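Participant: requesting a structural model of the entry that follows:
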Amino acid sequence: MSHILVVDDDSAIRDVVSDILQMSDYRVKTATNGAEALDLVQADRPAAVLLDLMMPVMDGWEFLRRCRGLEYCSQVPVVVMSAAHDVATTADQLGAHGYLAKPFDMDDVLDVVSRAAHSRAYFKGGASI
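Facilitator: Residues are numbered from 1 along each chain as shown. Next up, the predicted model:
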């Protein structure tokens, strides 16, 4: 069973995404900001991270900057979740492995997570509704 880390300061989004992933046999942990996420990545080495960009304490940009500088984190696939109209461009600029445009369809979440978690190979892809 793959372990997925969901990082978002919005509890409703964290809960919905976590529930859908758990129903699809993923083990899920959550964090409310990038600082918590860095600690969890170090402790648990997830198969993939779903990352919101706009968060307090440490935003998604800072998380990615720090993560890419750490050996234990640098190879973890990160999928950016954002309501920004240019989420695909932003994800590409950040070196993310994929993206989900908010609001997103749960099938798209499962598709992107499956590609990220099961291959760990670098891919570019995303989904938007």
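Participant: can you give me the helices for the protein?
Facilitator: With DSSP state H applied, the chain shows helices at 11-23, 34-44, 60-68, 71-74, 87-94, 106-119, listed in chain order.
Participant: report the buried residues of the second one.
Facilitator: Of all the residues in helix 34-44, those buried under the rule 16 or more other Cβ atoms under 10 Å are G34, A35, E36, A37, L38, L40, V41. Glycine gets a C-beta too; all of them are placed from N, C-alpha and C.
Participant: quick one: average pLDDT of that helix?
Facilitator: Rounded to a whole number, the mean pLDDT of helix 34-44 is 93.
Participant: repeat for stretch 113-125
Facilitator: Confidence over stretch 113-125, taken as the mean pLDDT, stands at 62.
Participant: low-confidence ranges in this protein?
Facilitator: Confidence mapping of the chain against pLDDT under 70 gives the ranges 1, 119-129.
Participant: all good on my end, thank you.
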